[in-house]
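Undergrad: Predicted model follows, preceded by the sequence.
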Amino acid sequence: SPARTGHTGGRPFAGHARRPDRDQGPAPCHRGPARRRRQRARGAGRLGLALGGGNEVAGSVAERAGDLLLLRQRGLPVAWVHTGQHREMAESLYQFFGIAPEHEIALERRNGSLAHLNGLLLEGLSALYEQLRPAAVLVHGDTTSTLASAQAAFYNDVPIGHVEAGLRSYDRRMPEEINRVVTDALADRLYTPERSAADNLLREGIADARISVVGNTVIDAARWTQQQQEPSTTSVPSALPAGVEAFLGGHASQRLLLVTAHRRENWGEPIRNIAMAIGQLLAAHPDLVVVWPLHPNPAVSEAVEPVIAALPDAMRARVCLTAPVDYPALITLLERCYFTLTDSGGIQEEASALARPVLIARDSTERQELVEAGGAVLVGTDITRMVTAASELLRDVAVYRAMQLELSPFGDGNAARHIADRLCAAD
């Protein structure tokens with residue numbers, strides 16, 4: 001492990017991971033004269049926001065944008081760190097939210113293994129935190145970037161806040177599940193999206209004083225983006241790529257199914273099964289059309305494209321396979337779709353904010369609240385289960401209406417404000 005630096009002054013979180021009294025102490029983000037003097041002595045004074053990157057880069061950037069903007073509005077100096085993944089996909093979002101990352105990790109990946117990626121990120125982030133000496137690092141979610149950011153902060157004796165803490169699928173085959181558990185164990189402050197996530201942390205022995213139930217920032221981002229794209233707003237042009245807009249315009253009277261699939265555990269046969277289920281649904285429901293933004297990883301397109309290409313011409317014409325879309329386009333597609341079939345955790349949340357039913361192409365979900373509230377159904381990647389559940393939504397209006405939630409179980413759309421309030425509480 002890298003050598004400890006041993007600094008102890010100016011912590012923005014109550015207590016510290018290496019102190020026995022970590023569950024007591026002052027309120028977070030103190031900005032009084034004594035704190036400022038300590039920070040100047042350390043050459044720090046920045047709250048490091050280690051964000052961006054990850055597989056779901058659209059959601060990753062959007063979910064964190066509110067934290068950054070609100071903290072800056074409160075007068076805290078904040079540095080955004082982009083972890084070097086999917087830079088092209090992230091760029092449009094940075095422009096949309098008015099964000100310019102101050103730091104970026106230069107990744108030179110030699111293979112696709114998570115161990116290799118984690119090692120590169122850990123080395124790069126650790127060097128950056130050692131140089132910056134931030135007052136704290138705020139990480140979000142469950143990606144490899146999240147885990148490496150938390151590890152690097154821990155090794156540099158920098159306090160850690162984890163946004164979207166406490167989610168559990170209890171499926172240890174999923175790398176994201178391990179990322180969540182380890183990040184929560186390292187974090188000094190844990191910001192959970194709902195009460196059940198806080199209960200998960202309490203059962204794992206994390207003190208209640210370190211936990212805050214704040215809601216989920218993805219709800220903030222989805223609703224803000226939706227407002228920006230209302231007809232009365234002129235600041236945001238048409239969000240959809242021209243090809244997708246033309247496709248939907250040619251099928252205006254038909255119902256739209258939005259499909260996304262990218263998770264590592266679904267590579268290969270599971271994603272092929274999703275594509276085969278789409279073919280069966282198109283055959284059974286002539287009024288159905290499908291938009292499927294394909295993740296840039298070749299493992300996804302190589303599984304999906306041959307199946308769709310083999311469909312009869314008339315059915316293939318009702319499928320739009322497109323490049324990854326940016327966040328405003330994703331929200332537009334969710335607004336316009338009838339329902340979504342996805343393996344994405346973020347889209348489960350965004351769909352709930354827009355009252356769209358969700359079929360989850362996984363056997364378990366860390367967003368179990370949406371299933372319990374009736375807004376989602378776990379269908380896995382079994383073709384029969386997917387086709388049966390989707391057909392029921394398409395044929396039975398009562399079933400469909402029951403899955404349109406009036407209120408999302410993931411918060412009130414003010415999670416970023418709740419997090420900023422806690423970080424900026426005066427001592």
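TA: Okay, I see it.
Undergrad: Give the next helix or strand downstream of whichever helix in the chain runs longest.
TA: The residue-count maximum for a helix in the chain (DSSP state H) belongs to helix 114-132. Downstream of helix 114-132, the next assigned helix or strand under DSSP states H and E is strand 136-140.
Undergrad: Now do that following strand and helix 114-132, the angle between them.
TA: Going by axes from the mean of the first three to the mean of the last three C-alpha atoms, to 10 degrees, strand 136-140 is angled at 150 degrees with respect to helix 114-132.
Undergrad: And the next helix or strand past strand 136-140?
TA: Tracing the chain past strand 136-140, the next element assigned as helix or strand by DSSP H and E is helix 144-155.
Undergrad: Report the rounded mean pLDDT for that following helix.
TA: Per-residue pLDDT over helix 144-155 has a mean of 94.
Undergrad: go on, stretch 202-216?
TA: Mean per-residue pLDDT for stretch 202-216: 95.
Undergrad: Run through who's touching stretch 118-129.
TA: The contact list for stretch 118-129 (C-beta atoms under 8 Å, 6 or more residues apart in numbering) reads 2, 48, 50, 53, 81, 83-84, 103, 105-109, 137, 144-145, 147-149, 151-153, 155-156, 158. Where C-beta positions appear, they are placed from N, C-alpha and C, glycine not excepted.
Undergrad: if we go to 10 Å?
TA: The contact list for stretch 118-129, computed with C-beta atoms under 10 Å, 6 or more residues apart in numbering, reads 1-2, 5, 48, 50, 53, 79, 81, 83-85, 103-110, 113, 134, 137, 143-158, 175, 179.
Undergrad: Return the set of buried residues in it.
TA: By neighbour count with 16 or more other C-beta atoms under 10 Å, stretch 118-129 contains the buried residues 118, 120-122, 124-126, 128-129.
Undergrad: between the residues you listed, which is closest to residue 277?
TA: Using C-beta to C-beta, residue 118 is the member of the buried residues of stretch 118-129 that lies nearest residue 277, at 33.1 Å.
Undergrad: For residue 206, which residues are in contact?
TA: By C-beta under 10 Å, 6+ apart, residue 206 lies in contact with 23, 165-166, 184-185, 187, 190, 198, 200.
Undergrad: Please apply the same query to residue 131.
TA: Counting by C-beta under 10 Å, 6+ apart, residue 131 makes contact with 103, 156.
Undergrad: Return the distance of residue 165 relative to residue 408.
TA: Using C-beta to C-beta, to the nearest Å, residue 165 is found at 18 Å from residue 408.
Undergrad: and what of residue 171?
TA: Applying C-beta to C-beta, the value for residue 171 to residue 408 is 23 Å.
Undergrad: From the chain's centroid, how far away is whatever helix or strand residue 227 lives in?
TA: Taking DSSP H and E as the definition, residue 227 sits inside helix 217-228. Offset of helix 217-228 from its chain centre (C-alpha atoms, centre = their mean, to the nearest Å): 13 Å.
Undergrad: show me what contacts residue 172?
TA: Taking C-beta under 10 Å, 6+ apart, we find residue 172 in contact with 178, 181.
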